[in-house]
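**Student:** Turn this into a model:
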Amino acid sequence: MMHPPQNGSLLNKAVLVLNTNYSPLMICTARRAICLKYLEKVDILETYNDIVHSPSISLNLPSIIKLRDFVHYNSMNVVMSRKNIMIRDKHTCQYCGSKSSSMTIDHIIPKDRGGNDNWDNLITACQQCNKKKGNLLPEEAKMPLNRQPRKPNRIHYFQQFINHDQTAWRPYLFLDSF
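**Tutor:** Numbers count the residues shown, from 1 in each chain. Okay, here's the model as predicted:
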């Protein structure tokens with residue numbers, strides 16, 4: 001799964017890719033969406049207000065595209081990684097609520113006390129809270145979690161990338177009705 005681009009270039013803007021049945025599949029760059037359009041593999045459903053130009057044509061920048069051929073891909077899984085844990089937790093310490101630039105990943109139940117590397121046991125924590133909690137359980141350290149961690153699915157993952165430019169994505173991600 002491609003992560004939404006952070007670069008400010010128009011061609012790197014995020015584009016929601018839908019299957020033929022309108023289910024969200026992935027996020028790609030506008031550059032990739034334009035290539036898929038000219039290969040006649042997708043239809044453009046929504047565009048941004050931006051326009052891109054080539055020597056011969058001008059095109060509204062795609063925001064949502066739909067594949068013309070169905071892709072059999074049922075997985076709703078989001079790969080567990082440091083980056084995706086931070087995204088799920090909105091780069092916020094799950095103990096104190098701070099948003100520092102130096103976040104760590106903390107095991108709620110420490111590894112040497114039987115804690116696993118899974119979505120339900122890993123959270124984002126600031127260095128101070130991680131150090132303060134140490135090898136204790138949150139209850140023992142008197143540091144309750146702000147919210148229980150859960151395994152996100154692909155829809156939840158996509159929902160986190162919606163900003164003011166992507167309001168058209170909301171119905172496809174079950175945030176608004178059509």
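
**Student:** CA only for contacts and neighbour counts going forward, please
**Tutor:** Will do.

**Student:** Give me the longest helix you can find in the chain.
**Tutor:** helix 30-38 (DSSP state H).

**Student:** Convert that helix to CSV, retaining C-alpha atoms only.
**Tutor:** Coordinates of the C-alpha atoms in helix 30-38 are reproduced here as CSV (Å, rounded to 0.1, in the frame of the first residue of the first chain):
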residue,chain,number,x,y,z
ALA,A,30,-1.6,12.2,-9.0
ARG,A,31,1.3,11.4,-11.3
ARG,A,32,0.4,7.7,-11.2
ALA,A,33,-3.4,8.5,-11.6
ILE,A,34,-2.7,10.5,-14.7
CYS,A,35,-0.6,7.7,-16.2
LEU,A,36,-3.4,5.2,-15.4
LYS,A,37,-6.0,7.5,-17.1
TYR,A,38,-4.0,7.7,-20.3
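
**Student:** Would you indicate which residues of it are buried?
**Tutor:** By neighbour count with 16 or more other C-alpha atoms under 10 Å, helix 30-38 contains the buried residues Ala30, Arg31, Ala33, Ile34, Leu36, Lys37.

**Student:** Please render those residues as a markdown table that adds pLDDT to the earlier fields.
**Tutor:** Formatted as a markdown table, the buried residues of helix 30-38 follow (pLDDT from 0 to 100):
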| residue | pLDDT |
| --- | --- |
| Ala30 | 95 |
| Arg31 | 95 |
| Ala33 | 97 |
| Ile34 | 96 |
| Leu36 | 97 |
| Lys37 | 96 |
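
**Student:** List just the nearest of these to Gln128.
**Tutor:** Set against Gln128, the nearest of the buried residues of helix 30-38 by C-alpha to C-alpha is Ala30 (39.6 Å).

**Student:** Tell me which residues of the helix or strand of the chain with the lowest mean pLDDT come out buried.
**Tutor:** Using mean pLDDT, DSSP states H and E, the weakest-scoring helix or strand in the chain turns out to be helix 154-159, at a mean of 79. Residues of helix 154-159 classed as buried: Arg154, Ile155, Tyr157, Phe158, Gln159 (neighbour count, 16+ other C-alpha under 10 Å).

**Student:** Excluding residues flanking it in the chain, which one is nearest the second one?
**Tutor:** With sequence-adjacent residues excluded and distances taken as C-alpha to C-alpha, 6 or more residues apart in numbering, Ile155 is closest to Leu173, at 6.0 Å.

**Student:** quick one: contacts for that neighbour?
**Tutor:** Going by C-alpha atoms under 8 Å, 6 or more residues apart in numbering, Leu173 touches Pro24, Ile155, Phe158, Gln159.

**Student:** if you set the cut-off to 10 Å instead, what comes out?
**Tutor:** Leu173 makes contacts with Leu16, Tyr22, Ser23, Pro24, Arg154, Ile155, His156, Tyr157, Phe158, Gln159, Ile162, as judged by C-alpha atoms under 10 Å, 6 or more residues apart in numbering.

**Student:** That's all I had, so thanks and see you.
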